[in-house]
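K.L.:
Quick one, fold the following:
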Amino acid sequence: MAQGVLGQSTLRCACTPPMPLRFDGKVAVVTGAGGGLGKAYAIALAQRGAKVVVNDLGGSHSGSGASTRAADVVVEELRAMGASAEANYNSVEDGDKIIETAIQAFGRVDILINNAGILRDVSFAKMTENDWDLINTVHLKGVYKCTKAAWPHMIQHGFGRIVNVTSAAGVYGNFGQVNYSTAKSGIMGFTKSCALEGARKNVLSNCICPLAQSRMTETVLPKDMLDFLKPGAIVPVVLFMCHESSGANGEIIEAGGGWHAKIRVERAKGTYIPGEFSVEDVQQHWERIGDFTETQHPTLIAQSLIAALDAAKASKL
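P.N.:
Next comes the predicted model:
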């Protein structure tokens, strides 16, 4: 066992190399693919045989402006490789138009990577309603609109892979990002529910929390950190979740610089307070409510009800 970056252990497999994972015959839509991570996803998919719709509004990282150049440059690069690619310049608010580009050009859509995003970082005290609305429209509503448009095509064909880009800010919160963290947290709930609804039709949905250099992070992270967090280190795990061989569904993966980890919900065992309990009773039980000595890892909403009922039954034994 070797020690990798930051001291984490790494394992090297001496087994036979696996067969390359290809995307021949698959049609992928990548939003925000004019640069950074989105471009990296688009190139990697094309290199492995996918036909790609490159969507990018061509605006700034704060959401202002628009240009066709960002998407066009990537499409030219993909075509120069011999890949099939089409550009789309719509905002993700017009997700139906983005997906229609795939249908008109290639007849189907198999893979959707909801990557487009902007930043409007500001402390909550100074945040305007426009700061709030714009971030939630692009991130959360944009994911909804693109997924909603792609969904019936995927269900009809009995295959779909959706990867939604969320953020560590949505998991842990972050100073100056109340708007952004809210939208990214919403994307996780959206993905979990889509995963449940799409599973029976082999339409699988997952989240990636990328720690990587991008147009948005290059203004807030130091250069040495950006050099470590190369976009290419995120691409393999995203492509794996897009592949037909992957059964991942409803997962949230945090990744950066070669490090990968699955995020799950952990709940304390909790405590039961019987009868007509008061505020003071809650105060007295507060430490036990938050005691993580024994933990549970629920994956379904029904497990919350079961935990409450089991605790009530146990108190009467």
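K.L.:
Who are the contact partners of Cys211?
P.N.:
Wrong residue type there; residue 211 is Leu, not Cys. Each residue near Leu211 by Cβ atoms under 8 Å, 6 or more residues apart in numbering is listed here: 168, 229, 234, 254-257, 259. (Each C-beta comes from the backbone N, C-alpha and C, glycine too.)
K.L.:
Let me see the backbone angles for Tyr89.
P.N.:
Main-chain torsions, Tyr89, degrees, to the nearest 10: phi -110, psi 10.
K.L.:
my read: it touches Val54, true?
P.N.:
No. Assessed by Cβ atoms under 8 Å, Tyr89 is found out of contact with Val54, at 9.7 Å.
K.L.:
re the thing from before, so which of the contacts of Leu211 is the most crowded?
P.N.:
Ile234 (28 neighbours; other Cβ atoms under 10 Å).
K.L.:
between Tyr89 and Val54, what contacts are shared?
P.N.:
Listed as contacting both Tyr89 and Val54 by Cβ under 8 Å, 6+ apart are Ala71.
K.L.:
So the two - more neighbours on which side?
P.N.:
A side-by-side neighbour count of Tyr89 and Val54, using other Cβ under 10 Å, places Val54 first with 32 against 21.
K.L.:
Out of the contacts of Leu211, which one has the weakest pLDDT?
P.N.:
Minimum pLDDT across the contacts of Leu211 is recorded for Leu229, with 82.
K.L.:
Tell me the helix or strand right after the longest strand anywhere in the chain.
P.N.:
As assigned by DSSP state E, the longest strand anywhere in the chain is strand 203-210. Counting by DSSP states H and E, the next helix or strand C-terminal to strand 203-210 is helix 223-228.
K.L.:
Tell me the buried residues in that next one?
P.N.:
Neighbour-count burial for helix 223-228, counted by 16 or more other Cβ atoms under 10 Å, picks out Phe228.
K.L.:
same question, stretch 118-138
P.N.:
Across stretch 118-138, burial judged by 16+ other Cβ under 10 Å covers 118-122, 127, 131-132, 134-138.
K.L.:
Kindly report the same for stretch 236-253.
P.N.:
Counting neighbours by 16+ other Cβ under 10 Å, one finds that the buried residues in stretch 236-253 are 237-242, 244, 248-253.
K.L.:
Tell me which two of those residues sit farthest apart.
P.N.:
Taking Cβ to Cβ as the measure, these reach their widest spread between Glu244 and Ile252, a distance of 21.1 Å.
K.L.:
any idea how far stretch 197-210 is from the chain center?
P.N.:
Using Cα atoms, centre = their mean, to the nearest Å, the mean C-alpha position of stretch 197-210 is found 10 Å from that of the whole chain.
K.L.:
List of residues touching it?
P.N.:
Contacts of stretch 197-210 (Cβ under 8 Å, 6+ apart): 37, 147, 151, 154-155, 158-168, 170-171, 187-188, 191, 194-195, 234, 237-238, 241, 246-256, 263.
K.L.:
and the end-to-end length of that stretch?
P.N.:
Distance between the two ends of stretch 197-210: 25 Å, counting by Cα to Cα, to the nearest Å.
K.L.:
re earlier: within its sheet, name the partner strands of the longest strand of the chain and how each one runs.
P.N.:
With DSSP bridges as the test, strand 203-210 is paired with strand 160-165 (parallel), strand 252-256 (parallel).
K.L.:
for those, which one sits closest to Phe106?
P.N.:
Comparison of those against Phe106 by Cβ to Cβ identifies strand 160-165 as nearest, at 14.6 Å.
K.L.:
Just after that closest one, pick out the following helix or strand.
P.N.:
Next along the chain after strand 160-165, taking DSSP H and E as the criterion, comes helix 168-172.
K.L.:
From what I see, Leu119 and Ala183 are in contact.
P.N.:
No. Counting by Cβ under 8 Å, Leu119 sits too far from Ala183 to count as a contact (10.8 Å).
K.L.:
Mutual contacts of those two, please.
P.N.:
Counting by Cβ under 8 Å, 6+ apart, the shared contacts of Leu119 and Ala183 are Ile135.
K.L.:
Please, where are all the helices along the chain?
P.N.:
Assigned by DSSP state H, the helices in the chain fall at 36-47, 69-80, 95-106, 129-136, 142-157, 168-172, 178-198, 223-228, 235-242, 279-289, 302-315.
K.L.:
Format those helices as TSV; extra columns: distance to Ile113.
P.N.:
TSV is the format used below for the helices of the chain (distance: least, Cβ to Cβ, whole Å):
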stretch	distance to Ile113
helix 36-47	5
helix 69-80	13
helix 95-106	12
helix 129-136	19
helix 142-157	9
helix 168-172	17
helix 178-198	12
helix 223-228	22
helix 235-242	7
helix 279-289	39
helix 302-315	30
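K.L.:
Out of those, indicate the one that is most buried.
P.N.:
Mean neighbour count (mean count of other Cβ atoms under 10 Å) peaks for helix 36-47 among the helices of the chain, with a mean of 25.
K.L.:
Pull the residues that contact it.
P.N.:
For helix 36-47, using Cβ under 8 Å, 6+ apart, the contacting residues are 23, 26, 28, 30-33, 52, 54, 56, 74, 77-78, 81, 83-85, 111, 113, 115-116, 165, 210, 212-216, 231-232, 234-235, 238-239, 242.
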